[in-house]
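quick one: sequence plus predicted model below, questions after.
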Amino acid sequence: MRLFDNWAYLGLGAEDLRDYEKAVMRKNCETLRMQGLLFAVLCVCLAVFFMFSSMKGVSLTLIVYAAVSFITGHAAGSFVNRDDVSSRLMQFVLLAFNISGYLTAIYLGIFMIGEQPAVIFVVAMLYFQIDFDMAPYKNFIVTIAMYVLFMLCVFLMKDYSIAMRDLQDSTFVLIAGLFISWFKARTKWENEIMVDRLEMANYSLYHDSVTDVLTGLPNRRQVFDFLDELRNECVKNGKYFTCIIMDLDFFKSYNDTYGHDKGDDLLREIGERLNMLALDNDISIGRIGGEEFMAFGEENGRGEAEEKGEKIRVEIMKVHHEGELEGKRQTASIGIFCEIPDENFIVADSYRCADHALYKAKEGGRNCCFTYIKENESFRRVGR
C-alpha cells in the first residue's frame, strides 16, 4: 500500500503527488477534449463502414463508444478554462474516458473478431498510457486491472495458442507502457520543480534588488518606482499624493559613539516599527538612504497626511537607546508634502518639496513635523 499511498517509486510524497496532478490536470483535459472529439468522429466513420458488413455488432459498439467519447471530450473541454471545478472531478472524467476506452477495446478485441489476436486492445493499452500524463500509480492500477480482465476473457473465449500470443503481446506492451508512463511522470515532475525553482530564484533576486537588507523595507529604487505608480493612481482617483520624508536626529553621532553594530540594531528596530505602522495605516514606507526614510500614499486631504506624519514621529520616539537625546529616545525630523497631482505633476518635485519641509523641521528644533504648502510656498508646523 505504501507504493500507492506516497508514490514511493518516484521518491516523492503525497503532497508532491497533489502538486503534480494539479499541474498536469488542465493539460490532460485539453488533450481529452481533442482526443474525445477525434475518437467520436473516427468511431462514427468506422461504424458506418461496418454497418454494411456482416459485423453489425462492431458498428453498434463503435456508436456507443463514439457517444461516450463525445460526452467526456465535451465535459473535459468545459473544465479547461474554469477555476471552480475540483481536480477530483477532472480526474474522474479522465479515468472514465480511459476505462471506457479499455473496455471497448476488450470487447472488440475478444467478442467481435473471433479467433484472431486482439491487436486492438494491445494498441489501446499502449496509447492510453502514453497519451495522458496520469500519475504513475493511477496508471498502474487501471492498466493492471484492465490487463487482468482482458486475459481472463481471452483464456475463456479463445483458443489456447491465440490466447498465449495475446498474453505475450499484451504483457510486453504492459511493461513498456508502465515504464514510459513512469518516465514521462518523472520528466514532467522534474520540469515542474525546475520551473518552480526558477520562479523562486527570480523572485528572490528581484526581492533582494528592491529591498533594504538591514530593515527589510523597500529600498530607494523600489520607493521611487512606487512613487511613479502612486502618481498615476492619484491622478486617476483624484486623491492627494502624499510624500513624507523623515530623518533620524543625531543618528551619525550615535553611530560614531556606540559603534556601527548599535547603529544597525537601532535602524533594524525602527524598520520593524515603521513596517508595522505602514500596515496599520495604509501607507508605504521605505528606506532611501542612511538614516533617511520615506512614507508615501493616497490621502483624502492634507490633514490625513499630517496626522500620519505625526504618528510616524511618535512611533519613532518609542525606540529607546543609550544616547542622551530626548531622555534616551530616538527622535526624527519630518517633512510632509501633499497635493492633488495633475497630468503635469513631476514626482521628483514632491520629493524636493518634502525635503525642504524636512530641513525646516531641523531648523525648528528637530523632533517635529513641517508641511510644505505649495500654493503660497510656505511651511506649517504640525503637532509638537
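Perfect, I can see it now.

in a helix, Pro117, correct?
No - per DSSP: H, G, I helix; E, B strand; the rest coil, Pro117 lies outside any helix segment and is coil.

that one: how many residues sit nearby?
18 (other CB atoms under 10 Å). No exception for glycine: its C-beta is placed from N, CA and C like everyone else's.

thought it was touching Leu167?
No - the pair Pro117 / Leu167 is not scored as a contact, 10.4 Å apart, by CB atoms under 8 Å.

and Ile130, how close does it get to Asp264?
Applying CB to CB, to the nearest Å, the value for Ile130 to Asp264 is 59 Å.

no no, His74
In terms of CB to CB, His74 sits 63 Å off from Asp264.

swap in Met90?
Met90 is 52 Å from Asp264, by CB to CB.

out of these two, which sits in the busier spot?
Higher neighbour count among Met90 and Asp264: Met90, with 22 against 13, using other CB under 10 Å.

look at that one and give its secondary structure.
From three-state DSSP, the assignment for Met90 is helix.

all further residue positions should be reported with the first residue as 41.
Shifting the count to begin at 41 puts that one at Met130.

just the pLDDT for it.
At Met130, the model reports a pLDDT of 71.

again with Gly53
The predicted local confidence for Gly53 is 56.

and what of Asn259?
At Asn259, pLDDT is 89.

now it, nearest residue through space, not along the chain?
Asp252 (4.4 Å; CB to CB, 6 or more residues apart in numbering).

show me what contacts the one you found?
Asp252 is in contact with 258-259, 311, 326-327, counting by CB atoms under 8 Å, 6 or more residues apart in numbering.

dump those residues to JSON lines, plus secondary structure, distance to Asp296 and neighbour count.
Shown next, in JSON lines, are the contacts of Asp252 (DSSP: H, G, I helix; E, B strand; the rest coil; distance: CB to CB, whole Å; neighbours: other CB atoms under 10 Å):
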{"residue": "Pro258", "secondary structure": "strand", "distance to Asp296": "27", "neighbour count": "23"}
{"residue": "Asn259", "secondary structure": "coil", "distance to Asp296": "24", "neighbour count": "19"}
{"residue": "Gly311", "secondary structure": "helix", "distance to Asp296": "20", "neighbour count": "19"}
{"residue": "Gly326", "secondary structure": "strand", "distance to Asp296": "25", "neighbour count": "26"}
{"residue": "Arg327", "secondary structure": "strand", "distance to Asp296": "20", "neighbour count": "25"}
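
show me which of these is closest to Glu417.
Gly326 (27.1 Å; CB to CB).
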